[in-house]
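Asker: fold the stuff below for me.
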Amino acid sequence: MATGQRSRRAVRTVLAFGVLVGSLVPAYFWLLADTTPLAWDFRAYHHAATLALDSRPFVGVSPPVGGGEWVYPPVTVVAFYAYTFVSWSTAYLAHAAVSVIAGLACARLVLDDLRERGVPIQRTDSVLVYAFFTLSTYPMVVLGQGQLGLFILLALLGVYRALRADRQRTAGGLLALASAFKLFPLFVLVWFARRRAWRAVAWCVGTLSALSAAGVALFGWSLHREYVQFIVFERSRVDELAAGMSPNVSALTLQRPLAALLPDAEPVVYTVLAVVLLLPVLGVLYTQVGTGRDRAVAYLGTLVVMLLVSPASNVHHVLYVYVPLVALLYTVHDPVVRACFLTGTALVLAPVQPAILADVFGALGAPASLTAAVVTASHAVLSVGSLALYGLLVILGGCVVHAARAAAVGEPATTPSDRRVAEQD
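Answerer: Modelled structure (predicted):
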């Protein structure tokens with residue numbers, strides 16, 4: 001079999017694996033898990049919007065049913081006001097439908113971009129890419145919880161495409177909208193700075209400032225002060241890391257293994273060390289941005305570092321690296337880099353936890369001794385970091401290898417599509 005055919009088959013296998021795991025997510029929660037958190041986060045959004053319309057506090061508040069809570073900046077609650085005119089269940093179905101459309105739009109844009117670059121896309125590839133952006137592990141988690149992940153992903157995709165086309169105001173505005181909800185996408189300003197996209201930086205900061213001012217005008221200073229305290233002292237989970245986080249918690253951050261390595265350090269030390277360790281890696285990637293592929297790899301590295309540095313990132317935030325990761329699976333030809341991307345992607349798509357393994361082995365009727373041995377072994381490995389964390393580190397390693405190979409070549413070879421993108425930039 002030709003190398004190209006083997007590479008394409010490997011990509012399809014990984015994408016299909018993600019869709020398979022995604023199909024198992026609802027099966028696990030409906031059939032095996034003790035709790036089915038269907039729409040918990042969306043119910044928190046709906047409840048918070050109802051409270052806000054009644055002029056009642058809503059930051060950090062949970063609805064009567066479910067474990068979700070309002071964790072976004074106060075001004076963003078306005079985006080959910082329309083949902084309060086119907087029941088939470090009807091609103092959830094509408095929200096899920098629009099989320100699927102956002103996922104399909106991401107897939108369409110990625111496929112169009114690949115075709116523009118001359119990558120042959122067959123029907124099998126199209127089906128798998130569309131399915132991956134809507135039915136794989138993290139879209140299914142986001143849809144099940146009623147979260148905003150697919151909209152954030154679409155915004156980050158828009159940021160990437162707009163900056164590539166030198167539409168800096170669009171890039172800055174879209175990043176501001178994404179950051180207005182999740183905050184940590186602001187880390188992408190580091191990439192803006194590397195590209196010297198100062199107008200994009202200004203538009204992002206200006207848009208966020210305007211949104212913050214609107215929030216203060218609507219809800220007052222006291223609620224915003226309460227929000228900052230909630231984010232810093234509760235939502236950041238730094239104290240949980242210091243206390244030793246359970247491997248059954250889905251936190252995704254480099255601070256997790258650092259806390260295991262240095263259990264007696266002050267919690268803030270973990271964040272500082274994560275930044276100290278990862279920013280130089282990002283600096284290496286930023287030395288090689290001569291071609292379109294180089295810039296895609298550097299942007300991917302930026303998103304990975306963003307997730308690993310943030311103490312508040314969860315495993316479902318892996319969704320944000322789908323772009324440009326999926327396109328790079330099709331376009332990277334270096335065997336080592338490709339192997340890193342494929343292996344890392346497979347790892348991040350399997351959100352295995354000791355509790356999940358215990359449930360699955362129990363349902364399969366496995367001997368108690370075997371179940372205990374597997375759970376104990378997984379506990380030892382996953383107490384230090386989740387499979388998603390390990391997978392992101394492997395992907396980041398692939399980014400570094402790509403940069404090192406490009407640096408060794410000196411003047412990296414460019415394809416006609418790379419040259420066209422370079423001219424656009």
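Asker: what about Val201, how many residues nearby?
Answerer: Residues near Val201, counting by other Cβ atoms under 10 Å, number 18. Yep, even glycine has a C-beta here, placed from its N, CA and C like the rest.
Asker: where's the closest residue to Ala10 other than its chain neighbours relative to Leu262, distance?
Answerer: Of all residues not flanking Ala10 in the chain, Leu342 sits nearest, at 5.6 Å (Cβ to Cβ, 6 or more residues apart in numbering). Leu342 is 32 Å from Leu262, where distance means Cβ to Cβ, to the nearest Å.
Asker: higher neighbour count, the two?
Answerer: Leu342 (20 against 13).
Asker: circling back to that earlier point, contacting residues around the residue nearest to Ala10?
Answerer: Contacts for Leu342 (Cβ atoms under 8 Å, 6 or more residues apart in numbering) come out as Ala10, Val11, Val14, Leu329.
Asker: residues of stretch 55-63 that come out buried?
Answerer: Neighbour-count burial for stretch 55-63 flags Phe58, Val59, Gly60, Pro63 (criterion: 16 or more other Cβ atoms under 10 Å).
Asker: what is the end-to-end distance of that stretch?
Answerer: This stretch, stretch 55-63, spans 16 Å end to end (Cα to Cα, to the nearest Å).
Asker: quick one: average pLDDT of it?
Answerer: Mean per-residue pLDDT for stretch 55-63: 92.
Asker: cool, and stretch 126-138?
Answerer: Across stretch 126-138, pLDDT averages out at 98.
Asker: and for stretch 320-332?
Answerer: For stretch 320-332, mean pLDDT is 97.
Asker: chain neighbours aside, what residue packs nearest to Ala260?
Answerer: Closest residue to Ala260 apart from its sequence neighbours, by Cβ to Cβ, 6+ apart: Val384 at 4.9 Å.
Asker: what residue ranges in the stretch 301-425 of the chain score low on pLDDT?
Answerer: 410-425 (pLDDT under 70).
Asker: tell me where it has helices.
Answerer: Along the stretch 301-425 of the chain, the segments classed as helices by DSSP state H, counting those that start in this stretch run 322-331, 335-348, 354-363, 368-382, 387-409, 416-424.
Asker: winner for burial among these?
Answerer: Across the helices of the stretch 301-425 of the chain, averaging neighbours per residue (mean count of other Cβ atoms under 10 Å) puts helix 322-331 on top, at a mean of 24.
Asker: export only the CA atoms of that helix, formatted as CSV.
Answerer: Only the C-alpha atoms of helix 322-331 are listed here, as CSV (Å, rounded to 0.1, in the frame of the first residue of the first chain):
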residue,chain,number,x,y,z
TYR,A,322,-10.2,20.4,16.6
VAL,A,323,-9.2,23.4,14.4
PRO,A,324,-6.6,23.3,13.0
LEU,A,325,-5.8,19.8,14.2
VAL,A,326,-8.2,18.0,11.8
ALA,A,327,-6.8,19.8,8.8
LEU,A,328,-3.2,19.1,9.9
LEU,A,329,-4.0,15.4,10.1
TYR,A,330,-4.6,15.6,6.3
THR,A,331,-1.8,17.9,5.4
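Asker: which strands or helices does it pack on?
Answerer: Applying 3 or more Cβ pairs under 8 Å, 6 or more residues apart in numbering; DSSP states H and E, one finds that helix 322-331 contacts helix 3-31, helix 88-116, helix 123-135, helix 149-164, helix 292-309, helix 335-348.
Asker: residues in contact with the helix or strand following the third one: which ones?
Answerer: Past helix 123-135, heading to the C-terminal end, the next element that is a helix or strand (DSSP states H and E) is helix 137-145. Counting by Cβ under 8 Å, 6+ apart, the neighbours of helix 137-145 from elsewhere in the structure are 18, 21-23, 25-26, 29, 37-42, 68, 96, 99-100, 103, 133, 147-150, 315-316, 318-319, 322, 349-351.
Asker: now with 7 Å, please.
Answerer: Residues outside helix 137-145 that contact it (Cβ atoms under 7 Å, 6 or more residues apart in numbering): 18, 21-22, 25-26, 37-42, 96, 99, 103, 133, 149-150, 316, 318-319, 349, 351.
Asker: tell me how far it is from the chain's mean position?
Answerer: 12 Å (Cα atoms, centre = their mean, to the nearest Å).
Asker: what angle separates it from helix 123-135?
Answerer: Per axes from the mean of the first three to the mean of the last three Cα atoms, to 10 degrees, the angle that helix 137-145 makes with helix 123-135 is 40 degrees.
Asker: got the angle between helix 137-145 and helix 3-31?
Answerer: Here the directions of helix 137-145 and helix 3-31 differ by 30 degrees (the same axes, to 10 degrees).
Asker: okay, and Phe58 sits in which element?
Answerer: Here Phe58 is assigned to no helix or strand, by DSSP H and E.
Asker: if I look at it, how far off is Leu254?
Answerer: From Phe58 across to Leu254, the span is 32 Å (Cβ to Cβ).
Asker: dump the contacts of Leu342 to JSON lines, plus distance to Val119.
Answerer: Putting these into JSON lines (distance: Cβ to Cβ, whole Å) gives the following:
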{"residue": "Ala10", "distance to Val119": "15"}
{"residue": "Val11", "distance to Val119": "11"}
{"residue": "Val14", "distance to Val119": "16"}
{"residue": "Leu329", "distance to Val119": "11"}
